[in-house]
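Asks: Mind looking at a prediction? Sequence and model below.
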Amino acid sequence: MFLYNAWYIAAWASEVERALAHRTVLDEPLVLYRKQDGSAVALEDACPHRKLPLSMGTLKGDLIQCGYHGLEFDCSGQCVKIPGQDKISADARVKSYPVVERWNLLWVWMGEAGTEDAGDIIDIPHYTDPNWGINRGPAMSIDCDYRYMTDNLVDPSHVSYVHKSSLGNEDTVGIPVKTRQEGNSVIVSRWILNAELAPFFQPYIKFSGKADRLQHYEVRLPSSAVIKDVIAPAGSGAPEGNLHPDSFLLDSYNFLTPVSTDSCRYYWFQVRNFDAQDKTVSSSLTEDFITAFSEDVQVLEAVHSGIKNSRSELIHLQIDSGSARLRRLLDKMLNQEQSKGDRQP
């Protein structure tokens, strides 16, 4: 169920320092740390002797010393010292994972060695634009299959119910969506015209009266999603591409790291075209998104439990067009990867 030939987030860059940190990605245990030059390292978190996690050991310079019998491993994963033993087998090693630090995140390549391309990591056009603000929240642990989260991220309709006191309201109910596929991405979008502002956005909007709002939900398999909100004065021409100067633009970047078949970690941040340097606005947006995303977590964990324990088949609705296409595409990518033998679970 996991795609291995892909980049996944192991941690916020700020979470990894000169100490040993454990993470699980795709059911594989990793130990993370920074070398003395500041660059990040990711190794298999299991000494090959008795499988004690190396994260329970000691960092000695750029080497990890196992906390059980003192074996030492370099940044490539090779054992370079065994106390009391001169000969070291080539099998005395752990797997090393390529790491890229980008967008204040540490990305690890979980697939076939030598096939990674850092150019495949998502681009963030406004990340360093001084005219755009940015806010970040903490990573969130979710006890659900990561695919339920990707379903959620191509489903604008859920905001009317899960987020009815925040991101949605009555004016977002029942409006049809358009679904399309671009490469390994599925995009679901809709315009909500001449609508009352949802409560979440009211403190940040620079105009008065009703609005035209674009909801753009895009998942780039296997683990990245972009949700774009465009909110403009009603009738000002936004659906035709004519953005009013007071239009609200906010792009939410969402990243899922499958931990196991029953859990995932959720990393996120937003970039915006308003109040770029206002730290108070950034803090307020972060708190508002934590509240909204916590509503998702509560629902998705219950969905996971309900489906896992169900004795009957699911029914499908027209609003499932995005998630249905996403699942078909994911199955195709999984079959292609496994047929090539690039990486077997």
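Replies: Perfect, thanks for sending it. Numbering: from 1, shown residues only.

Asks: can you list the domains in the chain?
Replies: 7-119, 127-336 (automatic domain parsing).

Asks: how far away is residue 57 from residue 68?
Replies: Here the criterion is Cβ to Cβ, to the nearest Å. By it, residue 57 lies 8 Å from residue 68. (Each C-beta comes from the backbone N, C-alpha and C, glycine too.)

Asks: wait, what's in contact with residue 186?
Replies: By Cβ atoms under 8 Å, 6 or more residues apart in numbering, the contact set of residue 186 is 154, 179-180, 218-219, 221, 322, 325-326, 329.

Asks: Count the neighbours of the nearest residue to residue 292 once chain neighbours are set aside for me.
Replies: In this structure, residue 292 finds its nearest non-sequential neighbour in residue 166, 4.8 Å apart by Cβ to Cβ, 6 or more residues apart in numbering. The tally of other residues near residue 166 (other Cβ atoms under 10 Å) stands at 18.

Asks: Now do the SS call for residue 166.
Replies: Per DSSP: H, G, I helix; E, B strand; the rest coil, the local secondary structure of residue 166 is coil.

Asks: Would you quantify the distance from the residue nearest in space to the middle of the chain to residue 224?
Replies: With distances taken as Cα atoms, centre = their mean, residue 255 lies nearest the centre of the chain, 0.9 Å away. Distance check for residue 255 against residue 224: by Cβ to Cβ, it reads 6 Å.

Asks: hang on, the earlier thing: what's the residue nearest to residue 292 in contact with, if anything?
Replies: Taking Cβ under 8 Å, 6+ apart, we find residue 166 in contact with 198-200, 288, 291-292, 295.

Asks: I figured the residue nearest to the centre of the chain was touching residue 104, is that so?
Replies: No: with contacts counted by Cβ atoms under 8 Å, residue 255 stays clear of residue 104, the gap being 11.6 Å.

Asks: the strands in the stretch 201-345 of the chain, which residues?
Replies: Read by DSSP state E, counting those that start in this stretch, the stretch 201-345 of the chain holds these strands, from start to end of the chain: 211-220, 224-233, 248-260, 263-272.

Asks: Now tabulate those in CSV and tack on mean pLDDT and distance to residue 46.
Replies: Formatted as CSV, the strands of the stretch 201-345 of the chain follow (pLDDT from 0 to 100; distance: least, Cβ to Cβ, whole Å):
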stretch, mean pLDDT, distance to residue 46
strand 211-220, 97, 31
strand 224-233, 98, 28
strand 248-260, 98, 16
strand 263-272, 98, 19
